[in-house]
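[1] Fold the following, please.
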Amino acid sequence: MVIAYHGRHHLSNTIGGNDLRYHRCVSGTHVDADAGPEPPDAPGRLGLVEAFVNSLHMPEGPDLLATPDAARAWLQHQGFHTPRLSPGERDDLVELREALRDLLEGNAGHQVAARTVHAVMQRLNASALETVISPAGAELVARGSGVAAFTGELTAAIVIATTDGTWQRLKVCRNDSCRWAFYDGSKNGRRTWCSMRSCGCQSKARAYRARKRETSAVSA
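    The predicted structure is shown next:
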């Protein structure tokens, strides 16, 4: 199954319709007009995992899976025809999305709870996958339709990304109020913010203000 993935757009990177990647960020006592390149989209089929986790714009943005109808529309937009989606199926999708978000914290070096791993395994292990052999090689193909095809494609994407080394670079933003999924395309693979022009700059500004307060308290 070959899918064209959609949905990568960070609301916190937008002001009045203008992309914040060009927005100047106050960091300390100076203005940082070039905080480094924005992370690239996750490659290949891993893009579906990234888009799925980012279907919720935290902390106050829209949830694209907020209702069964909204979730069905999102699945269809990703290429998975779903004539009907029950409230229970929608709830399962949301629980899987948030479990995957927690799981991605492990790629940034954080401890992942056993219940998180269990939640992901419980929902993805039943996926129907087939190995298709062709002159071009072997490919994992998700079987079924609708939600079943979607979870199967998620599973295949994770398996393929794990073997080709890209899975470890899909992370969630270190900012607890953001937790946006992003692909770390840096050379050393140590990026921690979804955007240095938003979350990274905010963190630097908070740290600077904290240091100023400490300095003022000592001087007093």
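
[2] For this protein, which segments count as strands?
    All strands of the chain, identified by DSSP state E, fall at 14-15, 18-19, 25-27, 30-32, 129-134, 137-142, 170-172, 181-183.

[3] Give me the average confidence score over the fourth one.
    Per-residue pLDDT values across strand 30-32 average out to 37.

[4] Excluding chain neighbours, what is closest to the spatially most central residue of the chain?
    The residue lying closest to the centre of the chain (Cα atoms, centre = their mean) is Ala181, at 2.3 Å. In space, and not counting its chain neighbours, Ala181 is closest to Val53: 3.9 Å by Cβ to Cβ, 6 or more residues apart in numbering. Where you see a C-beta, it was placed from the backbone N, CA and C, and this is true even at glycine.

[5] go on, Arg123?
    Leu96 (4.7 Å).

[6] again, but for Thr131
    Ala138 (5.6 Å).

[7] And that neighbour, what's its pLDDT?
    Ala138 is assigned 90 on the pLDDT scale.

[8] and it, how many neighbours?
    Number of residues near Ala138 (other Cβ atoms under 10 Å) recorded here: 9.

[9] Surely it touches Leu129?
    No. Using Cβ atoms under 8 Å, Ala138 makes no contact with Leu129, being 11.7 Å away.

[10] Distance check, the residue nearest to Leu56 when sequence neighbours are not counted against Thr155.
    Spatial nearest neighbour of Leu56, chain neighbours left out: Asp63 (4.8 Å); criterion: Cβ to Cβ, 6+ apart. Computed as Cβ to Cβ, to the nearest Å, the Asp63 to Thr155 distance reads 23 Å.

[11] Tell me which of the two has more neighbours.
    Taking other Cβ under 10 Å, Asp63 and Thr155 do not tie; Thr155 has more neighbours (21 against 15).

[12] ok, that one to Leu124 distance?
    Taking Cβ to Cβ, one finds Thr155 at 5 Å from Leu124.

[13] For Cys199, which residues are in contact?
    Under the criterion of Cβ atoms under 8 Å, 6 or more residues apart in numbering, the neighbours of Cys199 are 12, 173-175, 178, 180, 193.

[14] Now for Asp69, how many residues are close by?
    Counted with other Cβ under 10 Å, Asp69 comes out at 11.

[15] Report how many residues lie close to the nearest residue to it once chain neighbours are set aside.
    In space, not counting the residues next to it along the chain, Asp69 is nearest to Leu85; the distance is 7.6 Å by Cβ to Cβ, 6+ apart. Using other Cβ under 10 Å, Leu85 has 22 other residues around it.

[16] If anything else comes up later, I'll come back, but that's it for now.
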